[in-house]
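In: Quick one, structure for this:
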Amino acid sequence: MLLVPGAAAGLRSCQQPVLSAVGRLLPVGNEPQGLGGSCFLDRRYKFYIPRRNWWPWKQKIAHQRQAISRRRKHIWPRYSDPDEQRAGDIRSDPGPSVRFKVHDMNLSLKRLWVYGRLLRKKQLQDAIDWMEALCRPSAKPVRDLLYRARTRMVDHHGYDPARLYIARIWTERGPRVMSIHQQRAGYYFRKKKLQNMMQLVVREMPMNEYFHKVYIMKEVPRSVTLDMRMALRDGRAPRSYEREWTPYITAESRIWHRRGMQFEDQMRRFDYYQTRREWIDKYAGSFHRDEQEARESRGLPPLAPTELY
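Out: Got it, this is the predicted structure:
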């Protein structure tokens, strides 16, 4: 959690309150933490236009305002480092990807298109949770495809399950298979069965892109935040993790952390590349903790942070 100190000379004093995992305000210094004493508490609601008379000119205005609000969420480096990958450069390192295909799906193309639109650009575990929450028989083939993709990517290839995202998903029309069924004694009818196809590409997001998406943009997968809150509630994680997980655990804590980073960036005190290096080293060390402990038990030297990713 980034704590915002008192502003420099010439600016009015401003301190950002610290939020706990359950949304309680923690005292900072001797000042009371009220909802009206901070310069960061002016709520900015998303731009909204009623959908009545949804003309093209009104759609254009709404899309422009939405694009502006999305750009404001970014925090970019203020200098260029030749040794570091440029922030937002996805084409140079798209990450490993695997394509999965399923044939003979007895679903219409429209139903498959609706499911594909729901799952596109989602994290793989979040997509599985979405399909399980629907509780519809028609979602079972798509859910089985996602299960197969997760098993193949995690168990066979050893990829990080938190960084698996659905890059592309599309449907294809297949032939209709005709079969003859008996209705009653002496009566038969022809039945046409759909044989459509669905394909998806799952990729492991690189560390640099994942840092910008999770830490800067605060687009944390719901499955990750749910696991964090459940671990704190059940006592499987120490209470010290409550402050460490503040940038991800709740929507309110994510908002406060992003505003603190924006304030630090405006004061020229936020180093993007240094923060990214520290975050990646800590994430890789936590992900490969079992491997490091196994090496230490055998008397082998631990791996360097650069060898973990």
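In: Any stretches of the stretch 1-150 of the chain with poor pLDDT?
Out: Counting by pLDDT under 70, the stretch 1-150 of the chain contains low-confidence ranges at 1-48, 88, 90-91.
In: Show the residue spans covered by the strands in it.
Out: In chain order, the stretch 1-150 of the chain shows strands spanning 18-19, 25-26, 97-105, with DSSP state E, counting those that start in this stretch as the criterion.
In: can you list the domains in this protein?
Out: For the chain, whose domains are defined here by the TED database, the residue ranges read 97-204, 207-297.
In: Quick check: which of these is nearest to residue 87?
Out: For residue 87, the closest of the domains of the chain is domain 207-297, at 6.0 Å, according to CB to CB. (Each C-beta comes from the backbone N, C-alpha and C, glycine too.)
In: Centre of the chain to the closest one, how far?
Out: Relative to its chain's centre, domain 207-297 lies at 12 Å (CA atoms, centre = their mean, to the nearest Å).
In: tell me the average confidence for that domain?
Out: Taken as a whole, domain 207-297 carries a mean pLDDT of 89.
In: Tell me who's in contact with the spatially closest residue to residue 76 that is not a sequence neighbour.
Out: Residue nearest to residue 76 in three dimensions, not counting chain neighbours: residue 87, with 5.7 Å by CB to CB, 6 or more residues apart in numbering. Taking CB atoms under 8 Å, 6 or more residues apart in numbering as the definition of contact, the neighbours of residue 87 are 76-77, 208, 212, 272.
In: one more time with 7 Å, if that's ok
Out: Contact criterion CB atoms under 7 Å, 6 or more residues apart in numbering gives 76-77, 212, 272 as the residues in contact with residue 87.
In: Over to residue 117?
Out: Contact analysis of residue 117 by CB under 7 Å, 6+ apart lists nothing.
In: And for residue 153, the neighbour number?
Out: When neighbours are defined as other CB atoms under 10 Å, residue 153 has 22 of them.
In: Likewise for residue 269?
Out: Using other CB under 10 Å, residue 269 has 11 other residues around it.
In: One more: residue 254?
Out: 21.
In: Not counting its neighbours along the chain, what's nearest it?
Out: Among residues not flanking residue 254 along the chain, residue 218 sits closest, at 4.2 Å (CB to CB, 6+ apart).
In: pretty sure that neighbour is touching residue 258, no?
Out: Yes: when contacts are counted by CB atoms under 7 Å, residue 218 is listed as touching residue 258 (5.5 Å).
In: sorry, back to before: does the residue nearest to residue 254 sit in a helix, a strand or a coil?
Out: For residue 218, the reduced secondary structure class is coil; criterion used: DSSP: H, G, I helix; E, B strand; the rest coil.
In: mind listing the helices for the stretch 201-309 of the chain?
Out: Remark: helices of the stretch 201-309 of the chain, listed N- to C-terminal, are 207-211, 222-234, 241-244, 251-266, 272-287, 289-297; assignment by DSSP state H, counting those that start in this stretch.
In: among the ones you listed, which is the most enclosed?
Out: Per-residue neighbour counts averaged over each of the helices of the stretch 201-309 of the chain give the maximum for helix 207-211, namely a mean of 20 (mean count of other CB atoms under 10 Å).
In: What residues are bridge-paired with residue 100?
Out: For residue 100, the residues forming beta bridges with it (DSSP bridges) are residue 200.
In: pretty sure it is touching residue 146, no?
Out: No: here residue 100 lies out of contact with residue 146, judged by CB under 7 Å, at a distance of 8.7 Å.
In: which one of those two has more residues nearby?
Out: Remark: of residue 100 and residue 146, residue 146 carries more neighbours, 24 against 17, as counted by other CB under 10 Å.
In: if we can go back for a sec, residue 198: which of the helices of the stretch 201-309 of the chain is closest?
Out: Closest to residue 198 of the helices of the stretch 201-309 of the chain is helix 222-234 (CB to CB; 22.2 Å).
In: contacts for that closest one?
Out: Helix 222-234 is touched from outside by 21, 123, 125-126, 129, 162, 237, 241-242, 245, 248-249, with contacts defined as CB under 7 Å, 6+ apart.
In: distance of residue 101 from residue 173?
Out: According to CB to CB, to the nearest Å, residue 101 stands 14 Å off from residue 173.
In: oh sorry, the question was meant for residue 198
Out: 11 Å.
In: Between those two, which is the more surrounded one?
Out: Each of residue 198 and residue 173 has its neighbours counted (other CB under 10 Å); residue 198 has more, 22 against 12.
In: by contact count, what packs against the helix or strand harbouring that one?
Out: Taking DSSP states H and E as the definition, residue 198 sits inside strand 196-204. Of the remaining helices and strands, those touching strand 196-204 by 3 or more CB pairs under 7 Å, 6 or more residues apart in numbering; DSSP states H and E are strand 97-105, helix 109-119, helix 140-151, strand 164-172.
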